[in-house]
Each structure stands twice: as structure tokens, then as C-alpha cells.
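S.K.: Have a look at this prediction, sequence included:
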Amino acid sequence: MNKPNQYTEKDLDFLLSPLAIRKSAEAIFELTKTGKTHFTYHPDKFNEVVDYVIDVIKENYPTLEIPFHSRWGHFRVGGINRVSLLDLKLQKFDALEKARTKLDLVITSVLLDAGAGAEWKYTEQSSEKTFNRSEGLGVASFYLFMDKSLSHQGMLNATAEGLQKLTREKLVEAFQVSPANPLVGVDGRLTLLKNLGKTIAEKKDIFPGGRPGNLVDYLNSRYGKSFTGPQLLRAVLDGLGEIWPGRVRVAGVNLGDVWAYEKVPGGLAAFHKLSQWMTYSLCEPLMEAGFTITDVDQLTGLAEYRNGGLLLDRGLITMTDAKLLEVAHKPESEVIVEWRGLT
């Protein structure tokens, strides 16, 4: 495999696949076991961590009917099935249009999900319940969509034009942001949605009707009613890769959640965390619309900070230099790349 600046278009199929994620993770794990990263692995803690995770799974899903790890769970947080409100409004539409609308919702909602900060919370008007972090962001984004704020036509959808015209004031209002209720990264979230609108307008082959949900039409025309998890991930990466600013590019293609890390073969560590979460989140509405998705287990767990925190908190991995826990690190730093690879 080539070095980052020597990758060619032929390498893209690998870099934009779950196999690249697994190879990166395996290499970082082997480096850690031989003392060549910023972490120490404690195999004696492995069974204890596995038992803890199994206990949490059984507590939350006693019948072991475990849903996809997706955004849809956040729309049902607090024991309230908000999705039923959307289903009521979609009754008159055919299966493909229902899927388009649900993809409009979930794609925009996933992109609005990033660290909210410890102080922010969202109070749902109808239930008077309060939610924070990803759950609060999910509920807030649901009502932003239901309010038709992402459509330039005043319809229950998201459109390229509507996303590009979304204002900071509307986002602040929808997420109940105030000096007393600060939300981290408001401008970054707005930029992502505007970038989404711009990308959709430009990529007419993947979004033929000018909506995020037109990914359904692309999948249907390319694969018919059956495709694999990796094929769905690739559609997400091909369709949405350009919305991310300033990342590694190969053959003119923005690789997204892929980072320079010279200790792994080829010098690039791939994670595709948000894109995989997006992929899992697309499965439910696509399957409802009659699509069959196979080989979803070829996707991976998510290299996400909460998950990485579990490994640190339970002592499965520790920092070789504890002082590194006391300072902030950039996403592209070796220590963060290694932590995510171990996750």
C-alpha cells in the first residue's frame, strides 16, 4: 500500500471500506501490545469489561432483540415514540417517498450531532421532559425537521436550497440556545448543514431530486432492492464526503474520517465513525421501504469518544504517560488516533 501522498484512485475502494477500518485498528492494537503507542493494554481486564458490557446489554434489551445502533433510538428517548408523529403525516405517501422523508430527517439529524457540552439541555414542550447530549440533540433536530425549517418549499422534507438558506437564528431558536443554555459548536453545525445543501445540489447523480433522501433513488437505481452494508456505507461516503472541511484527499476525493498516522501500513488510519453511524441509521427506513440489506456485520463498532472512555474507565487500557490525560489533544494527534483505533 502506498504512502498517503502516493495513494491512487485504485486505493479508494480500500480506504472507503470497513476493511480499512479493521486493518487500521488491528495495526494499532498490535503496536500497543508491543509498547509502541501512548497506551498500555491490560488483557487481565478483558473478561471483566466484556461481562460489564453484557450486563448493560441485558439490562437494556432483556429479550436480546437489539436494534441497530442508530439515530432512531434518540427519537424515541424518554419512552416517547416521536417517530409515530412522522408516520402519521406520511400515511398518504408510497414506500419510497416515506423512505426519502425519513432519510431527509435522519441524515440532517446525524450531522447535527456532535459534542453539546456539559451545560446544554433541551426541554421538550409536549412532554416537559429535559434531555441533554446526543439524546437532546436528537429530539431538538427532530422538531427542527418537523417544523419544516429545512425545506425551501415549506414542506416536510429537507432540500438543498432549504439547507443552504438555514439561518443561525433559526438553529439557535430550535435548539433553545441562550447565554444560560450554551451549546458548543452552533456555527460548526450550521456550516455542516449548509455544506450538505451545497453537496446535494452538486451531486445530482447521487441526489437526483435535490434532497438528502434521494439517496434512496440512487441505491434503487444502482443495486435494486438488495445491497450490502459496505455498499450502503460507500454510498454515504461518496455522497457526503465533501461536506467535511480540510481532510485528507486522494485522487481529488475527500476521505472524511481518515487520519495521517505513519505507524500503520500506508500511513493512514481509517475510522469513518459518523459515516458508519449514518449507515446504521439509514437501515431502518430502507428496510421499512422493502430493501434487503445484507452483511451489515461487516461494518464495525464506532471509534467514538464515549466508547473509548469506557475502555479507559474500566482499566482495559491506560495512558503510558498519565500526564497526557491533563491536557487537550487535537483530533489529528497521535494519541487520539491511537485511542480511537483501540476503541
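M.R.: Cool, got the structure.

S.K.: can we go C-alpha only for contacts and neighbour counts from here?
M.R.: Fine.

S.K.: Could you check how far stretch 77-91 is from the centre of its chain?
M.R.: Centre-to-centre, stretch 77-91 and its host chain are 22 Å apart (C-alpha atoms, centre = their mean, to the nearest Å).

S.K.: could you pull out the helices for the protein?
M.R.: 12-15, 18-33, 46-60, 83-89, 95-111, 133-146, 160-165, 168-174, 186-202, 215-223, 229-240, 273-288, 305-313, 334-342 (DSSP state H).

S.K.: For residue 257, find the nearest of these.
M.R.: Nearest to residue 257, of all those, is helix 273-288, at 6.8 Å by C-alpha to C-alpha.

S.K.: average model confidence for the closest one?
M.R.: Mean pLDDT, computed over helix 273-288, is 95.

S.K.: Likewise for stretch 309-317?
M.R.: Stretch 309-317 comes out at a mean pLDDT of 96.

S.K.: For residue 299, find the nearest of the helices of the chain.
M.R.: The nearest among the helices of the chain, by C-alpha to C-alpha, is helix 18-33 at 5.5 Å.

S.K.: Name the nearest residue to residue 72, ignoring sequence neighbours.
M.R.: Excluding its sequence neighbours, the residue lying closest to residue 72 (C-alpha to C-alpha, 6 or more residues apart in numbering) is residue 281, at 6.6 Å.

S.K.: Same list (the helices of the chain) but as CSV, adding mean neighbour count and distance to residue 325.
M.R.: Compiled in CSV, the helices of the chain are given as follows (neighbours: other C-alpha atoms under 10 Å; distance: least, C-alpha to C-alpha, whole Å):
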stretch, mean neighbour count, distance to residue 325
helix 12-15, 15, 30
helix 18-33, 19, 17
helix 46-60, 13, 21
helix 83-89, 13, 40
helix 95-111, 22, 28
helix 133-146, 21, 22
helix 160-165, 21, 38
helix 168-174, 14, 33
helix 186-202, 20, 26
helix 215-223, 18, 41
helix 229-240, 21, 32
helix 273-288, 21, 23
helix 305-313, 15, 11
helix 334-342, 21, 10
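
S.K.: Dump those helices to CSV, plus distance to residue 122.
M.R.: Shown next, in CSV, are those (distance: least, C-alpha to C-alpha, whole Å):
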stretch, distance to residue 122
helix 12-15, 37
helix 18-33, 34
helix 46-60, 23
helix 83-89, 18
helix 95-111, 15
helix 133-146, 5
helix 160-165, 22
helix 168-174, 9
helix 186-202, 14
helix 215-223, 30
helix 229-240, 28
helix 273-288, 22
helix 305-313, 20
helix 334-342, 29
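
S.K.: quick one on the thing from earlier: so the residue nearest to residue 72 touches residue 73, yeah?
M.R.: No. The pair residue 281 / residue 73 is not scored as a contact, 9.3 Å apart, by C-alpha atoms under 8 Å.
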